[in-house]
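Enquirer: Give me a model of this one.
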Amino acid sequence: MSDDASQRQRRRATSAPCSTEGCREDRWAGSASGCCLYHAKENGADTETARRVWQLARQRGRKADANFEGWHFPSDPAMKGFQKVVFAAAPNFDGATFSGAVYLRDADFSGTDGYDTCSFRKTHFKSWAYFDDAIFMQADFIGAVFEGRASFGNARFHAGAQFYDCSFEQADFSNASFEEIAAFADASFSGDASFDNAVFADSSFVHAQFHGTASFVGARFTADASFTNSVFLSAVFSDASFAAKADFDGARAADKVAFDLADERHQDQAPPFAEHRHSQTAYRLAKQAAQDSGDYRRAGEYHYAEQCAIE
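Expert: Predicted coordinates for the structure are as follows:
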């Protein structure tokens with residue numbers, strides 16, 4: 001056995017495992033808490049170490065070794081992140097932390113099996129997260145925290161998209177496509193949220209809280225949409241269309257809510273609600289918001305629209 005080989009063998013025999021439960025990596029000397037390089041919060045202390053973490057992460061993603069559970073991702077010095085990476089298997093980022101802006105534009109998270117779940121459950125994004133033009137099959141973001149802007153513009157979700165109990169600072173899902181259930185129940189948006197021109201199949205915003213402006217301009221809901229007990233500061237649904245049931249029961253708004261009224265739409269535009277009865281609670285919500293903000297002219301128009309829906 002060569003000297004180098006014997007030294008490597010002795011290091012393996014004497015090194016302790018990472019202190020993170022379930023991790024089999026060796027401890028990294030730079031970690032004060034006994035973590036490996038990937039779980040250590042100190043792995044962004046210098047540029048070269050941060051660069052190494054990201055290089056290894058991209059390699060693992062492409063080789064189907066895509067378990068990043070609990071990883072600490074430092075800011076990427078190359079500002080590449082996982083841009084345009086085609087993951088050989090749907091990755092697991094559960095409990096991971098991204099300390100800087102993370103770039104995932106044009107990434108393909110669908111995996112070779114096609115129905116694997118790409119999981120970002122309880123992942124913590126401390127800065128901007130760019131998922132623009134990304135491709136997903138099953139996507140699980142349950143409990144994820146986005147401290148910076150979460151950008152999913154033009155993203156495609158070919159199967160279920162779970163955003164239950166997510167916390168967003170600012171969110172952009174404009175032009176996103178949800179081909180199966182889009183679940184934003186119990187999600188909280190502390191800033192503005194844009195779903196402009198997004199296309200939804202079944203969608204749930206039950207108990208969602210919008211503390212900024214919620215914009216659904218031009219959004220298309222092709223199946224049932226539920227905003228039951230959701231809370232809005234203000235919301236705009238101009239040019240939005242609901243092809244099936246639109247449930248706004250128990251929803252409330254502090255300021256302005258705007259839906260299209262029949263006399264405001266162009267002759268070549270279809271009515272926003274496929275059935276008048278489904279517009280009743282929506283127009284009532286808009287009427288109450290107009291009254292609360294002192295816009296009594298607008299409140300009267302929504303009251304008339306509500307009565308038409310009832311009749």
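
Enquirer: G143: neighbouring residues, count only.
Expert: If you count neighbours by other Cβ atoms under 10 Å, G143 ends up with 19. Backbone N, C-alpha and C define where each C-beta goes, glycine included.

Enquirer: Point out where the chain drops to low pLDDT.
Expert: Of all residues in the chain, those with pLDDT under 70 make up the ranges 1-14, 112-115, 262-269.

Enquirer: now the helices for it?
Expert: With DSSP state H, the ranges of helices along the chain come out as 3-14, 47-62, 280-292, 296-310.

Enquirer: among these, which is the most enclosed?
Expert: helix 280-292 (a mean of 21; mean count of other Cβ atoms under 10 Å).

Enquirer: you'd agree K287 is up against A299?
Expert: Yes: between K287 and A299 there is a contact under Cβ atoms under 8 Å: 5.1 Å.

Enquirer: What residues of stretch 124-135 count as buried?
Expert: H124, F125, K126, W128, A129, Y130, F131, D132, D133, A134, I135 (16 or more other Cβ atoms under 10 Å).

Enquirer: Could you give the bridge partners of the residue nearest to the last one when sequence neighbours are not counted?
Expert: Excluding the flanking residues, the one nearest I135 by Cβ to Cβ, 6 or more residues apart in numbering is D108, at 4.7 Å. Beta bridges link D108 to V86, I135 when assigned by DSSP bridges.

Enquirer: one step back: next, format the helices of the chain as CSV and append distance to E69.
Expert: Formatted as CSV, the helices of the chain follow (distance: least, Cβ to Cβ, whole Å):
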stretch, distance to E69
helix 3-14, 23
helix 47-62, 12
helix 280-292, 41
helix 296-310, 49
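
Enquirer: Looking at the ones you listed, which is nearest to F168?
Expert: Among these, the nearest to F168 by Cβ to Cβ is helix 280-292 (21.7 Å).

Enquirer: Now tell me what touches the closest one from outside.
Expert: Residues from elsewhere that reach helix 280-292, judged by Cβ atoms under 8 Å, 6 or more residues apart in numbering: 232, 234, 237, 246-249, 251-259, 273, 296, 298-299, 302-303, 305-306, 309-310.

Enquirer: let's see it at 7 Å
Expert: The contact list for helix 280-292, computed with Cβ atoms under 7 Å, 6 or more residues apart in numbering, reads 246, 248-249, 251, 253-259, 298-299, 302-303, 305-306, 309-310.

Enquirer: and the angle from it to helix 296-310?
Expert: Inter-element angle recorded for helix 280-292 and helix 296-310: 160 degrees (by axes from the mean of the first three to the mean of the last three Cα atoms, to 10 degrees).

Enquirer: Run the chain-centre distance for helix 280-292.
Expert: 28 Å (Cα atoms, centre = their mean, to the nearest Å).

Enquirer: What would it look like as CSV? C-alpha coordinates only.
Expert: C-alpha atoms of helix 280-292 as CSV (Å, rounded to 0.1, in the frame of the first residue of the first chain):
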residue,chain,number,x,y,z
GLN,A,280,-72.2,36.3,-5.7
THR,A,281,-69.7,36.1,-2.9
ALA,A,282,-67.0,37.6,-5.0
TYR,A,283,-69.0,40.7,-5.7
ARG,A,284,-70.1,40.9,-2.0
LEU,A,285,-66.5,40.9,-1.0
ALA,A,286,-65.7,43.7,-3.4
LYS,A,287,-68.8,45.6,-2.2
GLN,A,288,-67.7,45.4,1.4
ALA,A,289,-64.1,46.4,0.6
ALA,A,290,-65.4,49.4,-1.3
GLN,A,291,-67.7,50.4,1.5
ASP,A,292,-64.9,50.1,4.1
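
Enquirer: Spit out the contact partners of E42.
Expert: Going by Cβ under 7 Å, 6+ apart, the list of residues near E42 reads G30, S31, A32.

Enquirer: measure S127 to M79 for me?
Expert: For S127, the distance to M79 (Cβ to Cβ, to the nearest Å) stands at 12 Å.

Enquirer: ditto for T123
Expert: 20 Å.

Enquirer: do A219 as well
Expert: A219 is 32 Å from M79, by Cβ to Cβ.

Enquirer: One more: Q288?
Expert: 46 Å.

Enquirer: same check, this time on A289
Expert: Taking Cβ to Cβ, one finds A289 at 42 Å from M79.

Enquirer: Most neighbours among the contacts of E42, which one?
Expert: S31 (19 neighbours).

Enquirer: Hmm, I135 is touching S110, no?
Expert: Yes: look at I135 against S110 with Cβ atoms under 7 Å: they come within range, at 5.6 Å.

Enquirer: Tell me which of A219 and M79 has more neighbours.
Expert: Comparing A219 with M79 by other Cβ under 10 Å, the one with more neighbours is A219, at 26 against 12.

Enquirer: Verify the stated contact: the more buried one with A240.
Expert: Yes: between A219 and A240 there is a contact at 4.6 Å, judged by Cβ under 7 Å.
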